[in-house]
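**Student:** Sequence plus the predicted model coming up.
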Amino acid sequence: MPTTFSKDSLAKACRVMAIGITMVAVFLHVVSLTHAGGIWRDEVGMVNIAKLPSAGEILQGLMHDHCPMVFPVVLKTWTALGLAPE
């Protein structure tokens with residue numbers, strides 16, 4: 001026996017689900033922010049590589065690292081714009 005739903009009831013159900021999913025996502029984000037640990041060793045290493053003065057030195061620093069060149073370039077640009085804490 002097929003059931004039919006009106007467009008209004010389907011729209012209301014979609015809104016309720018969207019609000020519920022958003023609330024769960026916000027809750028998980030808050031939990032993640034309040035329980036985040038310290039910076040990991042590889043993250044600190046990437047910041048140190050990004051702080052090197054020239055692109056050649058950055059490439060030399062990446063010889064033994066697993067990350068591609070884009071991450072230190074983004075970090076270097078971010079710090080050059082003065083957006084990083086000292």
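**Tutor:** Perfect, thanks for sending it. Numbering: from 1, shown residues only.
**Student:** quick one, what contacts residue 49?
**Tutor:** 58, 61, 62, 65, 72 (CB atoms under 8 Å, 6 or more residues apart in numbering). Just so you know, the C-beta spots here come from the backbone N, C-alpha and C atoms, and that holds for glycine as well.
**Student:** which stretches of this structure form helices?
**Tutor:** In the chain, the helices defined using DSSP state H lie at 7-34, 41-50, 55-62, 70-80.
**Student:** Need the worst-confidence member of the contacts of residue 49.
**Tutor:** Lowest pLDDT within the contacts of residue 49 is found at residue 65 (70).
**Student:** Count the residues that sit near that one.
**Tutor:** 14 (other CB atoms under 10 Å).
**Student:** For it, give me its contacts.
**Tutor:** For residue 65, the contact set (CB under 8 Å, 6+ apart) comprises 42, 45, 46, 49.
**Student:** How is the protein partitioned into domains?
**Tutor:** Per the record, the chain has its domains at 1-37, 41-80, by automatic domain parsing.
**Student:** Tell me which of those sits most buried.
**Tutor:** Counting by mean count of other CB atoms under 10 Å, domain 41-80 has the highest mean neighbour count of the domains of the chain, with a mean of 13.
**Student:** Quick one: end-to-end length of that one, please.
**Tutor:** Distance across domain 41-80, first residue to last, is 23 Å (CA to CA, to the nearest Å).
**Student:** returning to what we had before: worst average pLDDT in the domains of the chain?
**Tutor:** Taking the mean pLDDT of those, domain 41-80 comes last: a mean of 79.
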